[in-house]
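Chemist: Coordinates for the following, if possible.
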Amino acid sequence: MNYDSQKHHRRSIRLAEYDYSKGGAYFVTICTRNGDQILSNQPKPQQPDVNVGVALAATHPLNTPPNPEPDSALRFELTSIGEIVDRNWRTLPERFPMISLDEYVIMPNHLHGIVFINESDKPEFRDGRKRVGARPTPTAPISPPTPTLGMIVGAFKSKSVKDVLAHIDENGLDMIGKIWQRNYFERVIRNERDLENIRTYIKNNPTNWAQDEENPMHSERK
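Modeler: Residues are numbered from 1 along each chain as shown. Below you'll find the model as predicted:
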């Protein structure tokens, strides 16, 4: 079954009895306040060998090199705010060594990403991708508690807002520093098929921006 953005992205499917500090994979969507398009610019045709600062996890050293994309693929240029968000997302494993990041993309008004919370017996998917960030069993009796997904997302939002506020102050910008919508959306990734469907959905998000439910122009055309 293909990933359905209408079914899975538009509402939270948080499970009442699920332990969100449990090792596993999670698909996370974080939206900007009021849907403001402040994170990246409108898509443009991809130019060969031009670095346009696109926040795709395939360019991150944690993952394998991306497959060549057709020239017609669309990419987004990050704004200064988007660059702050991108930096804070990529450095989350430095703050939480028990997590690792997979595919992600920063759209004009939201971020999609896959987060792995690793335990000593963390799951390995059959595609062979190496999961990094998990600590070996310590010899000392004290080890840091595993954070919940909510704690991880909360820390990301808090730190990125702090950095955005500093950026606004340093550059005298006329904008609100509280850039994030109050909540976030998530999905527990159950198996390899689910993981690959969501990876594909994230990779194709820029190309499908015109039909994206988060695109204000899409809503106006309805």
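Chemist: quick one: the strands in the chain?
Modeler: In the chain, the strands defined using DSSP state E lie at 24-31, 44-45, 74-75, 99-106, 110-117, 185-189.
Chemist: Of all the ones you listed, which one comes closest to residue 157?
Modeler: Residue 157 lies closest, by C-beta to C-beta, to one member of these: strand 24-31, at 6.9 Å. Yep, even glycine has a C-beta here, placed from its N, CA and C like the rest.
Chemist: so what strands line up beside the closest one?
Modeler: Strand partners for strand 24-31, identified by DSSP bridges, are recorded as strand 110-117 (antiparallel), strand 185-189 (antiparallel).
Chemist: Poorly predicted segments of the protein, please.
Modeler: 1-18, 43-74, 119-144, 218-222 (pLDDT under 70).
Chemist: Which neighbouring elements make contact with the longest helix seen in it?
Modeler: Longest among the helix segments of the chain by residue count, using DSSP state H, is helix 149-171. Identification of packing neighbours for helix 149-171 by 3 or more C-beta pairs under 8 Å, 6 or more residues apart in numbering; DSSP states H and E yields strand 24-31, helix 80-90, helix 92-95, strand 110-117.
Chemist: of these, which approaches residue 173 most closely?
Modeler: Nearest to residue 173 among those is helix 80-90 (8.7 Å), distances taken as C-beta to C-beta.
Chemist: So what touches that closest one?
Modeler: Helix 80-90 is contacted by residues 38-40, 53, 55, 60, 78, 101, 104, 106, 111, 113, 156, 159-160, 163-164, 167, 171, 179 when judged by C-beta atoms under 8 Å, 6 or more residues apart in numbering.
Chemist: Could you save the strands of the chain as TSV and add columns showing distance to residue 214 and mean neighbour count?
Modeler: Shown next, in TSV, are the strands of the chain (distance: least, C-beta to C-beta, whole Å; neighbours: other C-beta atoms under 10 Å):
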stretch	distance to residue 214	mean neighbour count
strand 24-31	7	21
strand 44-45	19	10
strand 74-75	15	20
strand 99-106	12	23
strand 110-117	5	24
strand 185-189	11	20
